[in-house]
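*Asks:* For reference, the sequence and a predicted model appear below.
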Amino acid sequence: MPKLPNLRVNVGGIEMKNPVVAASGTFGYGLEFSRFVDLSRLGAFVTKGVSSRPWPGNRPARIVETRAGMLNAIGLQNVGIEAFLTDKLPRIRKLDTAIIVNIVGREIDEYVAVAKKLSGQDGVAGIELNISCPNIKQGGISFGQNPNLSAEVTQAVKNAAPKKPLIVKLTPNVTDVAAIALAVERGGADAVSLINTLTGMAIDIDARRPVLANITGGLSGPAIKPVALRMVWQVARTVKIPVIGIGGISCWQDAVEFLIAGATAVAVGTANFINPKVTIEIIEGIERYLVKHKMRDVYQLIGSLVTDEPNTQRTPDCCT
Ligand SMILES: Cc1cc2nc3c(=O)[nH]c(=O)nc-3n(C[C@H](O)[C@H](O)[C@H](O)COP(=O)(O)O)c2cc1C
């Protein structure tokens with residue numbers, strides 16, 4: 001029987017058995033999905049953002065479905081680092097997959113406090129630094145929109161947890177995402193992930209009021225995929241560190257597009273709400289694609305985009 005292709009990837013020092021990751025905020029703390037997904041099959045999963053103290057999040061309504069995705073303004077509700085370390089981590093560190101802890105703060109000191117507490121923890125494969133949340137008043141996105149602040153917070157977190165691989169999560173709500181990626185690479189990031197949500201809005205026309213209590217929210221899902229793909233391609237050709245591609249990935253064909261564009265791994269978010277088994281289907285689809293195209297290693301696919309001649313025929317990209 002022919003050998004199956006190699007799916008293993010290394011993302012900035014994080015060893016993954018395949019390039020498929022469950023994205024932050026859409027997969028709880030992992031265990032919530034264990035009824036649907038054999039978590040040990042995932043390349044990695046990223047926890048909900050964790051802050052130095054528990055955060056209650058925003059008032060409802062916090063979620064609204066849109067025509068090709070959803071808007072959310074959760075406001076980074078989370079249990080806080082202490083409860084994460086005592087209640088969540090002991091249970092998830094037993095899983096045979098890479099666990100990445102997403103961290104968030106209003107100020108650099110808050111990010112640093114969380115990173116320090118994670119620095120010596122077994123079972124934390126890496127830290128994802130969220131400098132891109134559009135739904136909190138301070139911190140979050142305001143770091144990620146400024147190259148100097150992005151580099152500064154990256155460096156501070158890297159110093160606080162020097163042994164943990166650091167992924168910095170970028171916002172699409174900027175003019176030049178590659179410039180921010182370069183800044184965080186300079187600050188010591190081991191990898192970047194993108195994109196977080198695009199700021200959007202919905203209005204109830206009878207009430208003439210915003211649907212979300214926060215007025216604006218973050219758009220995710222299939223609607224943002226072309227924007228995400230473009231940004232991943234731009235960043236992957238600019239920085240030397242690996243890229244995790246995120247944004248609207250709903251099927252294996254979407255994931256393959258991101259890998260071709262230069263992502264070393266992909267993270268799946270909103271699609272988990274529609275089909276909780278989608279991550280596994282994407283792993284299997286990538287494997288079948290590699291076999292079909294006679295590739296022995298997923299690295300033959302990563303960054304393999306050919307741009308010299310225009311394509312006249314389009315392979316259907318439907319997610320059925
Ligand atoms: C309900 C919800 C909560 C999220 N929470 C977080 C979070 O805590 N930290 C973070 O970095 N990203 C968070 N995200 C962003 C996702 O991880 C992802 O970057 C974004 O949704 C785009 O991917 P998608 O289109 O596959 O959902 C959240 C997204 C959603 C929909």
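*Replies:* Good, I have the coordinates.
*Asks:* if I pick the residue of the chain found nearest the ligand, what's in contact with it?
*Replies:* Relative to the ligand, the nearest point of the chain is G25 (1.9 Å; C-beta to the nearest ligand atom). Quick note: C-beta positions are derived from backbone N, CA and C, even for glycine. Applying C-beta atoms under 8 Å, 6 or more residues apart in numbering, we find G25 in contact with K48, G49, N72, I74, N102, G269.
*Asks:* Could you report the separation of it from I280?
*Replies:* Computed as C-beta to C-beta, to the nearest Å, the G25 to I280 distance reads 20 Å.
*Asks:* Please list the residues of the stretch 1-150 of the chain that sit near the ligand.
*Replies:* Residues of the stretch 1-150 of the chain lying close to the ligand (C-beta under 6 Å from any ligand atom) are A23, S24, G25, T26, K48, G49, N72, I74, L76, N102, N130.
*Asks:* By neighbour count, which of those residues wins?
*Replies:* Counting neighbours by other C-beta atoms under 10 Å, N130 comes out on top of those with 31 neighbours.
*Asks:* show me where this protein has helices.
*Replies:* For the chain, the helices defined by DSSP state H cover 81-83, 89-92, 108-119, 141-144, 147-160, 177-186, 225-236, 252-261, 271-274, 278-292.
*Asks:* who wins for proximity to G13 among those helices?
*Replies:* With C-beta to C-beta, the closest approach to G13 among the helices of the chain belongs to helix 147-160: 11.9 Å.
*Asks:* Surely N196 and E128 touch.
*Replies:* No: N196 is beyond contact range of E128, at 10.5 Å (criterion: C-beta atoms under 8 Å).
*Asks:* contacting residues around the least confident helix or strand in the chain by mean pLDDT?
*Replies:* For the chain, the helix or strand with the lowest mean confidence is helix 141-144, at a mean of 82 (criterion: mean pLDDT, DSSP states H and E). In this structure, residues lying in contact with helix 141-144 by C-beta under 8 Å, 6+ apart are 131-134, 149-150, 153, 169-171, 173-174, 180, 196.
*Asks:* Give the burial count for E107, as a bare number.
*Replies:* Neighbour tally, E107, other C-beta under 10 Å: 13.
*Asks:* and it, how far is that from G217?
*Replies:* 23 Å.
*Asks:* residues contacting T154?
*Replies:* L129, I131, L166, V168, A183, V184, G187, G188, A189.
*Asks:* With adjacent residues omitted, what lies nearest to it?
*Replies:* Counting by C-beta to C-beta, 6 or more residues apart in numbering, T154 lies nearest to G187, which is 3.2 Å off, once chain neighbours are set aside.
*Asks:* cool, and A179?
*Replies:* Spatial nearest neighbour of A179, chain neighbours left out: P147 (5.6 Å); criterion: C-beta to C-beta, 6+ apart.
*Asks:* and the one you found, how many neighbours does it have?
*Replies:* Residues within reach of P147, counting by other C-beta under 10 Å, total 18.
*Asks:* Find me the pLDDT at A223, would you?
*Replies:* pLDDT, A223: 98.
*Asks:* taking the contacts of G25 as a set, which two sit the farthest apart in space?
*Replies:* N72 and N102 (14.8 Å).
*Asks:* still on that earlier bit, any chance of the residues of the stretch 1-150 of the chain next to the ligand in CSV, plus pLDDT?
*Replies:* Output for those, formatted as CSV (pLDDT from 0 to 100):
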residue, pLDDT
A23, 98
S24, 97
G25, 96
T26, 97
K48, 94
G49, 95
N72, 97
I74, 94
L76, 86
N102, 98
N130, 96
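*Asks:* so which of these would you say is closest to S40?
*Replies:* Closest to S40, out of all of those and judged by C-beta to C-beta, is A23, at 18.2 Å.
*Asks:* is it true that the closest one touches V268?
*Replies:* Yes: contact criterion C-beta under 8 Å: A23 and V268 qualify, at 5.9 Å.
*Asks:* Overlap of the contact sets of the two?
*Replies:* What both A23 and V268 touch, as defined by C-beta under 8 Å, 6+ apart, is the set I246.
*Asks:* What does the pLDDT read for K137?
*Replies:* In the predicted model, K137 carries a pLDDT score of 60.
*Asks:* meant to ask about G75, not that
*Replies:* For G75, the pLDDT comes out at 89.
*Asks:* With N311 instead?
*Replies:* Looking at N311, the pLDDT reads 78.
*Asks:* Which of the contacts of helix 141-144 scores worst on pLDDT?
*Replies:* pLDDT across those is lowest for P134, at 68.
*Asks:* Would you mind listing what in the stretch 201-320 of the chain touches the ligand?
*Replies:* The stretch 201-320 of the chain comes close to the ligand at residues S220, G221, I224, I246, G247, G248, I249, V268, G269, T270, A271, as judged by C-beta under 6 Å from any ligand atom.
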